[in-house]
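>>> return atomic coordinates for the entry below.
(one chain, ligands or ions: 2)
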Amino acid sequence: MLFRSRICFQLTNGTRCLSNDAIRQGLIGMVGRTPLVRINKLSDETGCEILAKAEFCNGGGSVKDRAALYLIKDAQEKRLLRPGGTVVEGTAGNTGIGLAHMCLALGYKCVIYMPENQSQEKIDMLTTLGAIVRPVPVVAWDNPENYNHQASRFAESLDNAVWTNQFDNTANRKAHMETTGPEIWEETRGKVNAVVFGTGTGGTLAGVGTFLKEKNPKVQVFLADPQGSVLYNYIKHGKLERTEGSSITEGIGQGRVTKNLEGAPIDDALAIKDTDAVEMTFRLLHEEGFFVGASTGLNVAAAAQVAKIMGPGHTIVTCLCDTGQRYYAKLFSKSVLEEMGLLDCIPIPYRTSLH
Ligand SMILES: Cc1ncc(COP(=O)(O)O)c(C=O)c1O
Ligand SMILES: N[C@@H](COC(=O)CCC(=O)O)C(=O)O
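Ligands and ions are numbered 1, 2, ... in the order given. Reported below is the predicted structural model:
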């Protein structure tokens, strides 16, 4: 029997009802079909429809749940993982959290290598989810001690284990080609002019961009890059050169072209300063009611820039990657923001959210 419920809200312009007529099959069934939400004030301000997939509504709480599910499915299909096996991954945290949730649901063990500069909240959550977490020193990809190479070696040393390799396994991009892209197309009824995403592995941008360009080659695909990443200069000038500084954002920014990003149909890149990403994170909280992390602030700040470039009347889609709870100790700390020179970009009335 299908359980149907109808929840109605009184809005300033009338009543809006939500219907929930589909039962999701366990945690795995809670990946994808996230709400597409209009960012109201910013849309009114720019004259564009600024829309965002609320990816924190996935079962594991972030955009990376889609990739995590496809990476496990890929390992199962390739018979790399038998019942009771171990999933090993190198991650900034969110992919690991997605994998750890799914490992619990599917009966696998989970071992996570992550750079030790990522938020304590993500480490704590991984431990709570039963994963073995190994924070390792932050070194570049070409160093054999990089967290990804350590994950790969550890998986190889075990029986019945797989390194899911989110950066170069294109099952990640496929997740967004088969789910996020089609959802955006259907939910906007094909009326989407541009998409813009910050990039970690490149899976979201490449998957969504490839799907939408196949549907309509006129859809513009923008890469939004944080400080200290090479992708802005790569798209603009063909050079793998980092932009200045480092970033408070986590989970995005890259030092190389991953297999997931390779061949992605990207029209242009935007370099987004931390001051803009952080200001938008707090605007989203105080003006729109969304408690999100800094990569979401960066995505939405980039969407506002795309609106300026394209002019009023366009529909621009991005995503709300995860919640602010995952970064509470740093991103909402007055002293940390002050130390990083990021306090002044937060409008004074919004500083009440700081601890
Ligand atoms: C918080 C956050 N935002 C954005 C992204 C970017 O997604 P992708 O890996 O698909 O480029 C990630 C992970 O990569 C993330 O953890
Ligand atoms: N968001 C992903 C991937 O993280 C990154 O890409 C961060 C940048 C890097 O490590 O190169 C995750 O949650 O693992």
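>>> okay, the closest residue to ligand 1 within the stretch 101-250 of the chain and ligand 2: tell me how far apart.
Going by CB to the nearest ligand atom, ligand 1 is nearest to Gly200 of the stretch 101-250 of the chain, at 2.6 Å. (Glycine included, C-beta is placed from N, CA and C.) If you measure Gly200 against ligand 2 using CB to the nearest ligand atom, to the nearest Å, the figure is 3 Å.
>>> try Pro182
Per CB to the nearest ligand atom, Pro182 is found 22 Å from ligand 2.
>>> coming back round to it: the residue of the stretch 101-250 of the chain closest to ligand 1: neighbour count?
Residues lying near Gly200 (other CB atoms under 10 Å) number 31.
>>> check whether it really touches Gly93, as I assumed.
No: counting by CB atoms under 8 Å, Gly200 stays clear of Gly93, with 10.5 Å between them.
>>> now the common contact residues for these two.
Taking CB atoms under 8 Å, 6 or more residues apart in numbering as the contact rule, Gly200 and Gly93 both touch Gly251.
>>> that older thread, that's a helix at the residue of the stretch 101-250 of the chain closest to ligand 1, yeah?
No: applying DSSP: H, G, I helix; E, B strand; the rest coil, one finds Gly200 to be coil, outside a helix.
>>> measure it to Leu284 for me?
20 Å (CB to CB, to the nearest Å).
>>> list, one by one, the residues from the stretch 251-355 of the chain near ligand 2.
Contact residues (CB under 6 Å from any ligand atom) of the stretch 251-355 of the chain with ligand 2: 251, 253-254.
>>> mind putting these into a markdown table with neighbour count, secondary structure and pLDDT?
Putting those into a markdown table (neighbours: other CB atoms under 10 Å; DSSP: H, G, I helix; E, B strand; the rest coil; pLDDT from 0 to 100) gives the following:
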| residue | neighbour count | secondary structure | pLDDT |
| --- | --- | --- | --- |
| Gly251 | 27 | coil | 98 |
| Gly253 | 24 | coil | 98 |
| Gln254 | 24 | coil | 98 |
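>>> circling back to that earlier point, OK, contacts around the residue of the stretch 101-250 of the chain closest to ligand 1?
92, 251-254.
>>> Pro135 now?
Here Pro135 is in contact with 114-116, 118, 123 (CB under 8 Å, 6+ apart).
>>> check which helix or strand covers it.
In this structure, Pro135 sits in strand 132-136 according to DSSP states H and E.
>>> list the strands paired with that strand, with their directions.
Paired with strand 132-136 in the same sheet, following DSSP bridges, are strand 109-115 (parallel).
>>> if we ignore the residues flanking it in sequence, what's nearest Glu89?
Thr164 (4.9 Å; CB to CB, 6 or more residues apart in numbering).
>>> neighbours around the one you found, how many?
Per other CB under 10 Å, the neighbour tally for Thr164 reads 27.
>>> ok, stretch 267-276 near ligand 1 or not?
No: residues of stretch 267-276 contacting ligand 1 under CB under 6 Å from any ligand atom: none, with a closest distance of 12.5 Å.
>>> and the stretch 1-150 of the chain, which residues reach ligand 1?
Of all the residues in the stretch 1-150 of the chain, those in contact range of ligand 1 (CB under 6 Å from any ligand atom) are 63-64, 92, 94.
>>> contacting ligand 2 as well, which ones from those?
Checking these against ligand 2 (CB under 6 Å from any ligand atom), the matches are 64, 92, 94.
>>> of all those residues, which comes closest to Arg242?
Among those, Ala92 lies closest to Arg242 (CB to CB), at 17.1 Å.
>>> and the closest one, what does it touch?
114-115, 118, 122, 200, 250-251.
>>> re the thing from before, between the residues of the stretch 1-150 of the chain next to ligand 1, which is nearest Ile184?
Comparing those against Ile184 with CB to CB places Val63 closest, at 12.8 Å.
>>> contacts only, for the closest residue to ligand 2 within the stretch 251-355 of the chain.
In the stretch 251-355 of the chain, the residue that lies nearest ligand 2 is Gly251 (3.2 Å; CB to the nearest ligand atom). Neighbour list for Gly251: 64, 92-94, 200, 293, 295, 321-322 [criterion: CB under 8 Å, 6+ apart].
>>> which one is it nearest to, not counting chain neighbours?
Leaving aside its sequence neighbours, Gly251 sits nearest to Ala92 (CB to CB, 6+ apart; 4.4 Å).
>>> could you tell me the model confidence score at the one you found?
On pLDDT, Ala92 comes in at 97.
>>> in which helix or strand does it reside?
For Ala92, there is no host helix or strand (DSSP H and E).
>>> for it, give its distance to Cys103.
For Ala92, the distance to Cys103 - CB to CB - is 18 Å.
>>> again with Arg33
From Arg33 to Cys103 the distance is 22 Å (CB to CB).
>>> between these two, which is the more surrounded one?
Between Arg33 and Cys103, counted using other CB under 10 Å, Cys103 has the larger neighbour count: 21 against 16.
>>> now do the helices in the stretch 1-150 of the chain.
Under the criterion DSSP state H, counting those that start in this stretch, the stretch 1-150 of the chain contains helices at 40-46, 64-77, 94-106, 120-128, 147-157.
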